[in-house]
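**Student:** Fold the stuff below for me.
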Amino acid sequence: TYNRLNDSPSKNRSIRTQISYTEPLAGQNYLQFSYQFSYNYSHSDRSTYDLPTDGVYEKWGMPDWVYEDNYRDYRSDSLSQLSYYENFDQTIQVQLRKVTEKLNLTFGLSALPQHSKMNSNYMGLDTMLSRTVFNWTPTVQFRYRVSRQEQVNIRYNGRSSQPSMQQLLPIRDDSNPLRISSGNPGLKPTFNNQLSVGYQKYNPVTMGSFNINTSISNTMRQIQNKSILLENGGNESMPVNMDGFWANWNASASLTYNYTFPDDRYSITSSTSGNFSHQEGWAAELNNDAQLRTTKTTGANENLSAEY
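**Tutor:** Residues are numbered from 1 along each chain as shown. I've put the predicted structure just below:
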């Protein structure tokens with residue numbers, strides 16, 4: 001039986017600045033530069049109090065039932081944790097854009113160097129971590145105007161992301177016996193792909209419009225918590241990377257059609273949409289390794305309206 005109180009005050013502050021520059025080139029081409037810097041600081045001082053268990057259940061329901069007399073005398077140095085976290089982010093982006101009467105094409109690449117520092121004191125162990133990583137993000141945007149009333153849009157962007165310092169910290173935190181967690185220093189960065197395609201057409205005579213939009217995205221090496229159930233009813237978890245290109249992905253599509261009758265007094269609008277999601281995760285089992293679980297979700301919606 002445990003009777004523990006966690007008090008977790010924290011402080012956070014951040015700074016961000018950005019500059020950009022566009023240089024016209026020959027042949028309706030443009031070269032764009034941008035730079036962004038951000039700084040984030042967080043300070044957490046969690047105090048864990050291992051309170052007496054005698055008579056605690058008789059105090060349930062009272063406004064101050066959890067606060068034993070002189071409860072600060074029961075602070076556990078081994079279960080309390082003090083941590084500082086600093087993060088320096090930079091985003092350096094270069095884009096080449098070509099613009100013509102029918103075409104708008106952009107190729108871009110962003111470099112995201114990141115430096116993180118963390119100082120943690122837990123269970124009498126003073127841990128100092130410093131990490132420098134390099135993320136990158138490609139971007140492609142394509143817009144083609146078939147006519148004044150018809151165009152096609154295609155967009156792709158990718159982004160890599162690093163696990164947090166807390167996820168990488170090789171420390172087992174059992175200050176809450178019902179929710180025990182451990183870090184995983186072997187975590188790999190994730191990478192997200194997103195592709196969207198759109199088509200729009202408008203008829204100025206009938207004032208009718210037709211729009212189709214589709215998108216698909218996936219996350220490679222997505223980080224999920226892998227848990228086991230404990231005999232006390234709690235769970236113990238550790239973050240791990242999921243395997244497979246299609247382990248976690250989703251797709252959506254929408255179609256909108258609007259038609260105005262010749263007398264301009266009536267119009268109808270039909271909106272149809274659908275989505276599909278495939279997510280892999282872990283299902284916890286009592287005292288056994290978690291089992292792989294797949295969740296598939298499908299949705300569809302139709303909305304028909306008329307105006308007079």
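
**Student:** what about residue 101, which SS state?
**Tutor:** Secondary structure assignment for residue 101 (DSSP: H, G, I helix; E, B strand; the rest coil): coil.

**Student:** which stretches of this structure have low pLDDT?
**Tutor:** Across the chain, the ranges flagged by pLDDT under 70 are 1-2, 53-71, 287.

**Student:** Sketch out the helices for it, chain order is fine.
**Tutor:** Ranges of helices in the chain, per DSSP state H, are 165-168.

**Student:** So which residue is dead centre in it?
**Tutor:** What sits nearest the mean C-alpha location of the chain, by Cα atoms, centre = their mean, is residue 161, with 9.4 Å.

**Student:** Am I right that that one is in contact with residue 192?
**Tutor:** Yes. Residue 161 lies in contact with residue 192 (Cβ atoms under 8 Å); the separation is 7.2 Å. No exception for glycine: its C-beta is placed from N, CA and C like everyone else's.

**Student:** just to revisit the earlier point, against residue 296, how distant is the residue lying closest to the residue nearest to the centre of the chain once chain neighbours are set aside?
**Tutor:** Excluding its sequence neighbours, the residue lying closest to residue 161 (Cβ to Cβ, 6 or more residues apart in numbering) is residue 190, at 5.1 Å. Residue 190 sits 21 Å away from residue 296, going by Cβ to Cβ, to the nearest Å.

**Student:** Of these two, which one has the most company?
**Tutor:** Neighbours per residue, other Cβ atoms under 10 Å: of residue 190 and residue 296, the larger number sits with residue 190, 18 against 8.

**Student:** mind checking the backbone torsions on the residue sitting furthest away from the middle of the chain?
**Tutor:** Distance from the C-alpha centroid of the chain peaks at residue 263, with 49.2 Å (Cα atoms, centre = their mean). When read as degrees, to the nearest 10, the backbone of residue 263 gives phi -80, psi 0.

**Student:** what residues are up against it?
**Tutor:** Counting by Cβ atoms under 8 Å, 6 or more residues apart in numbering, residue 263 touches no other residue.

**Student:** Any figure for the gap between it and residue 203?
**Tutor:** Taking Cβ to Cβ, one finds residue 263 at 16 Å from residue 203.

**Student:** Repeat that for residue 165.
**Tutor:** Distance from residue 165 to residue 203, by Cβ to Cβ: 56 Å.

**Student:** Which of those two has more residues huddled nearby?
**Tutor:** residue 165 (19 against 14).

**Student:** Correct me if wrong: that one contacts residue 85.
**Tutor:** Yes. The criterion here is Cβ under 8 Å, and residue 165 meets it with residue 85 at 6.4 Å.

**Student:** who touches both of these two?
**Tutor:** Residues touching both residue 165 and residue 85 by Cβ under 8 Å, 6+ apart: 116, 118.

**Student:** pretty sure residue 38 contacts residue 112?
**Tutor:** No. Using Cβ under 8 Å, residue 38 makes no contact with residue 112, being 10.5 Å away.

**Student:** tally of neighbours for residue 227?
**Tutor:** 21.

**Student:** List the residues that contact it.
**Tutor:** 235, 236, 237, 238, 282, 284, 290.

**Student:** can you check residue 191 too?
**Tutor:** Residue 191 neighbours (Cβ under 8 Å, 6+ apart): 158, 159, 160, 161, 219, 220, 221.

**Student:** That one pairs with what?
**Tutor:** Residue 191 forms beta bridges with residue 160, residue 220, as assigned by DSSP bridges.

**Student:** before we move on, what about residue 285?
**Tutor:** Counting by DSSP bridges, residue 285 is bridged to residue 288.

**Student:** same deal with residue 180?
**Tutor:** Going by DSSP bridges, residue 180 forms beta bridges with residue 236.

**Student:** what do you get for residue 20?
**Tutor:** Judged by DSSP bridges, the bridge partners of residue 20 are residue 34.

**Student:** before we move on, the earlier item: hey, what's in contact with both of residue 38 and residue 112?
**Tutor:** Common neighbours of residue 38 and residue 112 (Cβ under 8 Å, 6+ apart) are residue 89.
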